[in-house]
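>>> with the input below, show me the fold.
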Amino acid sequence: MLVVPAYAKVNLALEVLGRGADGWHEISTVIVGIDWHDLVGVTLRRRDGVPVRLHLCGEAATAVPADEHNLAARAAAGLLETTGGDGPGLDVWLCKRIPAAAGLGGGSADAAAVLRAGGAALAASGLPVPPARLMETAACLGSDVPALLAGGAVLARGRGTRLERLGDAPLHLAVAMAGECSTAGAYRALEDRERHGDGRVERLVAALGSGVAPVDEDCGSALEAGARRSSPSLASSLDHLRSAVSQRRWHLTGSGGAAFALAADAAECARLAGAAASAGFPSRACRTVAAESAPP
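The predicted model follows:
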């Protein structure tokens, strides 16, 4: 069995740039992987009437689908399609640790890990999948999957599929669970005046490219306004977090409900996470992770 980590993500900054005639929103966002992760294991086997079998475990397993609707299973099915009808079957073991519906991209991380590990297993068996085909499959699964397949710090634009790698961004981030919010609901609740860029992503990209530590003014999500309207409980919880742990500014990641705070070092990160936990918010001190070997 080949086992790989499926790293969660944080949107350090996100701008909504408008909505097309097809209803899709154009975004610009800086995504980083963090060391909060699920574990994904894959094994090739002889194909039978069930091409993909998914096996779940872990403390967060009960919050995700255990069938073909799980993104990890969908990624495995998409990967097998690249081999044609005569290819092998695939068993996927998924140990869930990342909270669901938290804005941390847990399902997308699992899908990216299946593509990475499954692609490596197929290549070892003499059935290599071109990197471009892996990215195409990732794009069909969700807007966060391509960035998480690329790994590291990534600038994602459009629907999340136009990617630019930003290199490694070693950061300490305290992450707290502030509540839950539907991403679709957050987008629907945005007002027209909030669907434009304010330059935060451009400034953040410049800072990361120069090796300068990000500042709070360049972080945060334009989706917060919509998230607060669509989920009053999240808005109240986020306000309480910011009041209870005010040493640093807390930013929503994507549409939430996770929030993060920048920390100067590991010690401050641990203090922030501990203070958030004491205030009633499940929290974790995290570090960003460097890009792994992945398709360009």
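>>> got any ranges where the stretch 1-150 of the chain has weak pLDDT?
In the predicted model of the stretch 1-150 of the chain, residues 21-23 satisfy pLDDT under 70.
>>> just the helices from it, written as ranges.
71-81, 106-124, 131-141, 145-150 (DSSP state H, counting those that start in this stretch).
>>> so for the chain, the centremost residue is which one?
residue 105 (2.9 Å; C-alpha atoms, centre = their mean).
>>> which non-adjacent residue is nearest that one?
residue 9 (4.1 Å; C-beta to C-beta, 6 or more residues apart in numbering). In short, each C-beta sits where N, CA and C put it, glycine included.
>>> dump the strand ranked longest in the chain to PDB, restricted to CA.
Identified as the longest strand of the chain according to DSSP state E is strand 25-45. The C-alpha coordinates for strand 25-45 follow below in PDB (Å, rounded to 0.1, in the frame of the first residue of the first chain):
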ATOM      1  CA  HIS A  25     -17.600  33.600  -9.700                       C
ATOM      2  CA  GLU A  26     -14.200  34.600 -10.700                       C
ATOM      3  CA  ILE A  27     -11.800  34.600  -7.800                       C
ATOM      4  CA  SER A  28      -8.100  35.300  -7.000                       C
ATOM      5  CA  THR A  29      -6.700  33.600  -4.000                       C
ATOM      6  CA  VAL A  30      -3.500  32.600  -2.300                       C
ATOM      7  CA  ILE A  31      -3.700  29.100  -1.000                       C
ATOM      8  CA  VAL A  32      -1.200  27.400   1.300                       C
ATOM      9  CA  GLY A  33      -1.000  23.800   2.500                       C
ATOM     10  CA  ILE A  34      -0.800  23.300   6.300                       C
ATOM     11  CA  ASP A  35       0.400  20.400   8.300                       C
ATOM     12  CA  TRP A  36      -3.100  19.400   9.500                       C
ATOM     13  CA  HIS A  37      -3.700  16.400   7.400                       C
ATOM     14  CA  ASP A  38      -5.700  13.200   6.600                       C
ATOM     15  CA  LEU A  39      -3.900  10.000   5.500                       C
ATOM     16  CA  VAL A  40      -4.700   8.300   2.200                       C
ATOM     17  CA  GLY A  41      -3.600   4.900   1.200                       C
ATOM     18  CA  VAL A  42      -4.100   3.200  -2.200                       C
ATOM     19  CA  THR A  43      -3.700  -0.300  -3.500                       C
ATOM     20  CA  LEU A  44      -4.200  -1.500  -7.000                       C
ATOM     21  CA  ARG A  45      -6.000  -4.800  -7.500                       C
END
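>>> residues of that strand that come out buried?
25-34, 36-44 (16 or more other C-beta atoms under 10 Å).
>>> distance of the residue nearest to residue 105 from residue 156?
10 Å (C-beta to C-beta, to the nearest Å).
>>> who touches both of these two?
31, 144, 147 (C-beta atoms under 8 Å, 6 or more residues apart in numbering).
>>> what number of residues lie near the second one?
The local packing of residue 144 (other C-beta atoms under 10 Å) involves 27 other residues.
>>> show me the contacts for it.
Contacts of residue 144 by C-beta under 8 Å, 6+ apart are 9, 31, 105, 108, 156, 160.
>>> residues near the residue nearest to residue 275 when sequence neighbours are not counted, how many?
Spatial nearest neighbour of residue 275, chain neighbours left out: residue 245 (4.6 Å); criterion: C-beta to C-beta, 6+ apart. By other C-beta under 10 Å, 24 other residues sit near residue 245.
>>> so the chain: which segments form each domain?
2-166, 168-287 (automatic domain parsing).
>>> related to what we said a few turns ago, confirm for me that the residue nearest to residue 275 is in contact with residue 274.
No: Residue 245 is not in contact with residue 274 according to C-beta atoms under 8 Å; the separation is 9.4 Å.
>>> could you point out the helix or strand that follows the strand or helix carrying residue 229?
Here residue 229 sits within helix 224-230, counting by DSSP states H and E. Note on helix 224-230: by DSSP H and E, the next helix or strand toward the C-terminus is helix 232-244.
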